[in-house]
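Engineer: Can you look at this prediction? I've put the sequence above it.
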Amino acid sequence: MFRFLPRFRQLFVMTGGTPPKRSPLWIGTHSGTFHCDEVVACFMLKNLPEYQNAEIFRSRDDKALREKCDIIVDVGGEYDHAKKWYDHHQKTFTETFKSVCPDVSEDFNVVRLSSAGLVYSHYGERVIQSILQREKGIQLSPENLKLAFIQIYRNFISELDAIDNGVPMFEGGEPVYKVSTHLSARIGKLNPSWQETGVDIEQRFQKAMEIAGREFVENVLEVACSWIAARDHVRAALEEAKNVYPTGEILVLKTFCPWKAHLADLEKEYNVEGVPKLVVFNDGTSYRVAGVPVTPSSFLGRKFLPTPWRGLRDDDLSEKAGIKDLVFVHHSGFIGGAKTEEAAMALAIKSIEWPEEQ
């Protein structure tokens, strides 16, 4: 169980009316039906040192919100970082992750931000580091913190922004964003239904923060402790590629990890797009030779294993390929197996040198 949960059991939430005596700090958002974006925005703020003991004031009274609150999200009709007002509903609002964080790629200039994206754009790096320090006692380097910041927006926050703003998932062939959590729908279901009466909506809001917060923390930990480590392994393999084979077309992963998306990104960074063709690794059962797909999610490869070997196994395959200790080549040729690293390397080299098939 994550250590942030007890804080929310002590959460004091007000709805409308005249604000009571001011506490040290207050976070403001709208009352009534809640949505995933402000739930996540409030959770993120509660993970910053200055707001960890803040209370949440939920109201539709703009005057009361502005008089009482130190920071306001998803209500108030204004976005002004200097004032700490983070609404996105006004017609003049056009901000994206790219416009608020200019150093991220142009890919992030499509989806308009929700209150979750706004808070994340301004405070996300500090939120990530605060969670990592609390949960794991680790401090990311500035470079890895930036990587985590961008990746967590890509695979968690962008979905919330797009759904809250009603952004179509597809414009042309490629998706504008990906739904990976379905969190918005699950948070929405925590609101009382039209048939429910006597429900304490503030307790539901608190529960929503606990659920959304747990998933956000899990995502932060996965990216920082697993995703970045995998990227480092792929980077090392790419940097060593020409020592493995002179053309750089064969990569050897010393430690098996998810590699396809990382390789696609790192090829751009190293200006070797399209060069790697095969990846050799040990998946824990045997050595493998896998073809690099044309895109991370594609079934088409840059160069798969030769057609005459496909569908063969063991001695039949070894005899046909002229390589000892082979195990299999998949019938489509996208992957093969071997008993030893030497056999896998021989399989990779012979495949690279195989004449192009028409």
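Structural biologist: Cool, got the structure. Numbering: from 1, shown residues only.
Engineer: Helices of the stretch 51-200 of the chain, residue ranges please.
Structural biologist: Secondary structure of the stretch 51-200 of the chain (DSSP state H, counting those that start in this stretch): helices at 62-68, 97-100, 115-136, 142-152, 158-164, 183-188.
Engineer: Map the structural domains onto the sequence of this structure.
Structural biologist: If you go by automatic domain parsing, the domain ranges for the chain are 5-230, 240-352.
Engineer: In terms of mean pLDDT, which of these ranks lowest?
Structural biologist: Between those, the lowest average pLDDT goes to domain 5-230, which shows a mean of 90.
Engineer: can you give me how far that one is from the chain middle?
Structural biologist: Relative to its chain's centre, domain 5-230 lies at 15 Å (CA atoms, centre = their mean, to the nearest Å).
Engineer: now stretch 288-303
Structural biologist: 22 Å.
Engineer: what about that stretch, how long is it end to end?
Structural biologist: The distance separating the two terminal residues of stretch 288-303, taken as CA to CA, to the nearest Å, comes to 15 Å.
Engineer: Counting neighbours, which bits of that stretch end up buried?
Structural biologist: Arg288, Val289, Ala290, Gly291, Val292, Pro293, Gly301, Lys303 (16 or more other CB atoms under 10 Å). Glycine gets a C-beta too; all of them are placed from N, C-alpha and C.
Engineer: Next: stretch 235-243.
Structural biologist: Buried residues in stretch 235-243, counted by 16+ other CB under 10 Å: Arg235, Ala237, Leu238, Ala241.
Engineer: try stretch 134-141
Structural biologist: For stretch 134-141, burial by neighbour count (16+ other CB under 10 Å) applies to Glu135, Leu140.
Engineer: you'd agree Gln206 is in a helix?
Structural biologist: Yes: the assignment for Gln206 (DSSP: H, G, I helix; E, B strand; the rest coil) places it in a helix.
Engineer: how far away is it from Glu171?
Structural biologist: With distances taken as CB to CB, to the nearest Å, Gln206 is found 37 Å from Glu171.
Engineer: Just the ones in strands from the buried residues of stretch 235-243, please.
Structural biologist: When these are checked against strands using DSSP state E, none is located there.
Engineer: More neighbours: Gln206 and Glu171, which one.
Structural biologist: Gln206 (19 against 10; other CB atoms under 10 Å).
Engineer: how about the strands of the stretch 201-350 of the chain, start to end?
Structural biologist: 250-252, 278-282, 287-291, 326-329, 335-338 (DSSP state E, counting those that start in this stretch).
Engineer: Present the ones you listed as TSV; the columns should include distance to Leu45.
Structural biologist: What follows is the strands of the stretch 201-350 of the chain, written out as TSV (distance: least, CB to CB, whole Å):
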stretch	distance to Leu45
strand 250-252	42
strand 278-282	42
strand 287-291	43
strand 326-329	53
strand 335-338	46
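Engineer: Just give the nearest non-adjacent residue to the residue minimising distance to the centre of the chain, would you?
Structural biologist: For the chain, the residue nearest the mean C-alpha position is Asn155 (2.8 Å; CA atoms, centre = their mean). If the residues on either side of it in the chain are set aside, Asn155 comes closest to Ser180, at 5.6 Å by CB to CB, 6 or more residues apart in numbering.
Engineer: again with Asn144
Structural biologist: Leaving aside its chain neighbours, Asn144 sits nearest to Ile228 (5.2 Å; criterion: CB to CB, 6+ apart).
Engineer: and if you look at Glu342?
Structural biologist: Counting by CB to CB, 6+ apart, the nearest residue to Glu342 once its immediate chain neighbours are dropped is Asp325, at 7.7 Å.
Engineer: Surely the one you found and Glu341 touch.
Structural biologist: No: here Asp325 does not reach Glu341: they are 9.9 Å apart, not a contact under CB atoms under 8 Å.
Engineer: higher neighbour count, these two?
Structural biologist: Higher neighbour count among Asp325 and Glu341: Asp325, with 18 against 14, using other CB under 10 Å.
Engineer: Relative to Val280, how far out is the more buried one?
Structural biologist: When distances are taken as CB to CB, Asp325 and Val280 turn out to be 14 Å apart.
Engineer: try Tyr287
Structural biologist: When CB to CB is the yardstick, Tyr287 and Val280 sit 7 Å from each other.
Engineer: Touching both of the two, which residues are there?
Structural biologist: Common neighbours of Tyr287 and Val280 are listed as Glu341, Ala344 (criterion: CB atoms under 8 Å, 6 or more residues apart in numbering).
Engineer: C-alpha coordinates for stretch 134-144, CSV please?
Structural biologist: These are the backbone C-alpha positions of stretch 134-144, laid out as CSV (Å, rounded to 0.1, in the frame of the first residue of the first chain):
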residue,chain,number,x,y,z
ARG,A,134,9.2,9.1,-0.9
GLU,A,135,8.5,5.7,-2.4
LYS,A,136,12.0,4.6,-3.4
GLY,A,137,14.5,7.1,-1.9
ILE,A,138,15.9,7.8,-5.3
GLN,A,139,16.9,11.0,-7.2
LEU,A,140,16.9,10.9,-11.0
SER,A,141,19.6,12.7,-12.9
PRO,A,142,18.3,15.9,-14.7
GLU,A,143,18.4,14.0,-18.1
ASN,A,144,16.5,11.0,-16.8
